[in-house]
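[1] Below are the sequence and a predicted model for it; my questions follow.
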Amino acid sequence: MSFSVMLSQLAKGMTVTTEIFFVTLIFSLPLGLLVCWGKMSKIKIIRWIVSAYISIMRGTPLMLQLMVVYFGPYFIFGIRISMGYSLIAVFIAFAINYAAYFAEIYRGGIESMPVGQYEAARILGYSKAQTFFRIILPQVFKRILPSITNEVITLVKDTSLAFVVAVAEMFTLAKQIASSQTTMVPFVVAAVFYYVFNLLVAVIMYKVEKKLNYYR
């Protein structure tokens, strides 16, 4: 197999990996904020349920969660699953897993804000919603950005776990090609892809962090 043919096959997996990455971020970031609000809720039952959810998501392997989401509908509810469901299962499992981590990062940032910020906003006539979205959240985002960056970089590498439910992402294809062609080249290409992807993420997040320096 020529290098160009190998690269074209791996490119299909790169597309799937990138898709998993962006879909996970699109859903897990806002979901994490909702989970954070639930964890900080004054209603005890909501706080207990959300705390249990976060504990389970953070205390069990993502690989196991992928298998539960994929096989659960059949073994629990008797619903037959189609081949097309495998990618949807990956989206669901990744989103709910990373939402739990993002929720705790959000909570840490929100709870680190001085009480004086809320008091000043109340004196100026801001409602609770206006205070949170206009004053607190922008400052929280600046504080939690390094932690968010770490999770996003981890997400890039975790996409390789999609092989558990037979999703042919980039690393899965690299293993298949390496096995059939008895060569390490696909793994080298995979390593370069992950490194460049994470480098781009780190550079972009660093630039965002620099733009938010006016909060200092």
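    Looks like it arrived, so ask away.

[2] And the average pLDDT for stretch 100-107 is what?
    Mean pLDDT, stretch 100-107: 95.

[3] and it, how far out from the chain's middle?
    11 Å (CA atoms, centre = their mean, to the nearest Å).

[4] same deal with stretch 134-144?
    19 Å.

[5] residues of whichever helix in the chain runs longest that come out buried?
    Counting residues, the longest helix found in the chain (DSSP state H) is helix 3-39. The neighbour-count check on helix 3-39 (16 or more other CB atoms under 10 Å) flags 6, 9-10, 13-14, 16-21, 23-25, 27-29, 31-33, 35-39 as buried. (Glycine included, C-beta is placed from N, CA and C.)

[6] Thought Val167 was touching Leu87, still the case?
    Yes - using CB atoms under 8 Å, Leu87 is in contact with Val167, at 5.5 Å.

[7] low-confidence ranges in this structure?
    Within the chain, the stretches with pLDDT under 70 are 1, 214-216.

[8] Nearest the middle, which residue of it would you pick?
    For the chain, the residue sitting closest to the mean C-alpha position, by CA atoms, centre = their mean, is Tyr98 at 4.2 Å.

[9] What is the distance between the helix or strand containing it and the centre of its chain?
    Using DSSP states H and E, Tyr98 maps to helix 85-111. How far helix 85-111 lies from its chain's middle: 5 Å, per CA atoms, centre = their mean.
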